[in-house]
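**Student:** Sequence plus the predicted model coming up.
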Amino acid sequence: MQTTSPSSTTTATQPGKIVVIGGTGLIGKQVVQSLRQQGHQVLAASPSQGVNAVTGEGLAEALRGAHTVVDVSNSPSFEDRAVMDFFQASTTHLLAASAAAGVQHFIALSVVGTDRLQAAGYFRAKLVQENLIRASGLPYTLVRATQFFEFIGSIAHASTVNDTVRLTPARFQPIAAHDVAQAVTEAALAAAYNGLYDIAGPQAQPMTDFVTTYLEAQGDPRRVMADPAAGYFGTPIDDQSLVPLGEAKLGATDFKTWLEQIK
């Protein structure tokens, strides 16, 4: 299984129809826009557009004539059973519909450290998704991303008690959602990698540092306290849990630049 950055991956020859599952979400809508700007035929598929991968509704019609399928969908609930049900059902339906449609490249967005965070239900479900794709027989690419800059506020909120944000000081290497979308777009226009690779932000620092900087930039008076036992949404982590351990493709946007952009 390949796990290094696809620096030598051969670019595919002008793929035909590209279907983006989750095409109206944070990453999906940017992927759709980028591909359309480059002149590609793209269908943004989501339940709001009548395409539901969990139930299978609309999949056969949406994938008819598709060369490439990009799955950047996510579970609406992170509760253990709900998220497992979501990824098992949606991935099973997507792979079956893709095989029936003759899809030549199946791409999915996953998370750096998925296989190291199996104490958490969300990551168990993501690993099931990855393994279903690997076993499908379809040419595929798995892109694992670190946490997005856009989620740092939510991390702070979930870790706040009164006016204190209690966080692990474990290493953290978040990335701008725009850079994730760019990496997924590039994968959609390349030949199938038949493996996985990591993408991450350009800087690795303790999670406490990122959150402190974020709160200061927002004028938020909450105090950040380092607590090694705090974990990540209740899951114990260390300096190797959330960051790439080998070669990774790095996003172009640093945290300071992103903070300036969202002012």
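**Tutor:** Arrived safely, thanks for sending. Source: prediction; values computed, not measured.

**Student:** which residues in the stretch 151-263 of the chain form helices?
**Tutor:** 152-158, 177-188, 207-217, 255-261 (DSSP state H, counting those that start in this stretch).

**Student:** list the helices and strands the second one packs on?
**Tutor:** This points to helix 177-188. Other elements packing on helix 177-188 under the criterion 3 or more Cβ pairs under 8 Å, 6 or more residues apart in numbering; DSSP states H and E are helix 28-37, strand 66-71, strand 105-111, strand 140-145, strand 196-200. Any C-beta I mention is one placed from the backbone N, CA and C, and that applies to glycine too.

**Student:** ok so, going back, please work out which of the helices of the stretch 151-263 of the chain is packed deepest.
**Tutor:** Each of the helices of the stretch 151-263 of the chain was scored by mean neighbour count; the highest is helix 177-188, a mean of 23, by mean count of other Cβ atoms under 10 Å.

**Student:** What count of nearby residues applies to residue 197?
**Tutor:** Residues within reach of residue 197, counting by other Cβ atoms under 10 Å, total 24.

**Student:** Residue 60 in helix, strand or coil?
**Tutor:** Assigned by DSSP: H, G, I helix; E, B strand; the rest coil, the conformation of residue 60 is helix.

**Student:** Spit out the contact partners of it.
**Tutor:** With contact taken as Cβ atoms under 8 Å, 6 or more residues apart in numbering, residue 60 is in contact with 97, 100, 101.

**Student:** Ok, residue 210 next?
**Tutor:** By Cβ under 8 Å, 6+ apart, residue 210 lies in contact with 152, 172, 174, 255.

**Student:** Adding pLDDT and distance to residue 37, write those residues out as a markdown table.
**Tutor:** Converted to a markdown table, the contacts of residue 210 look like this (pLDDT from 0 to 100; distance: Cβ to Cβ, whole Å):
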| residue | pLDDT | distance to residue 37 |
| --- | --- | --- |
| 152 | 97 | 28 |
| 172 | 97 | 32 |
| 174 | 98 | 26 |
| 255 | 98 | 26 |
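
**Student:** Double-check that residue 44 belongs to a strand.
**Tutor:** Yes: counting by three-state DSSP, residue 44 is found in a strand.
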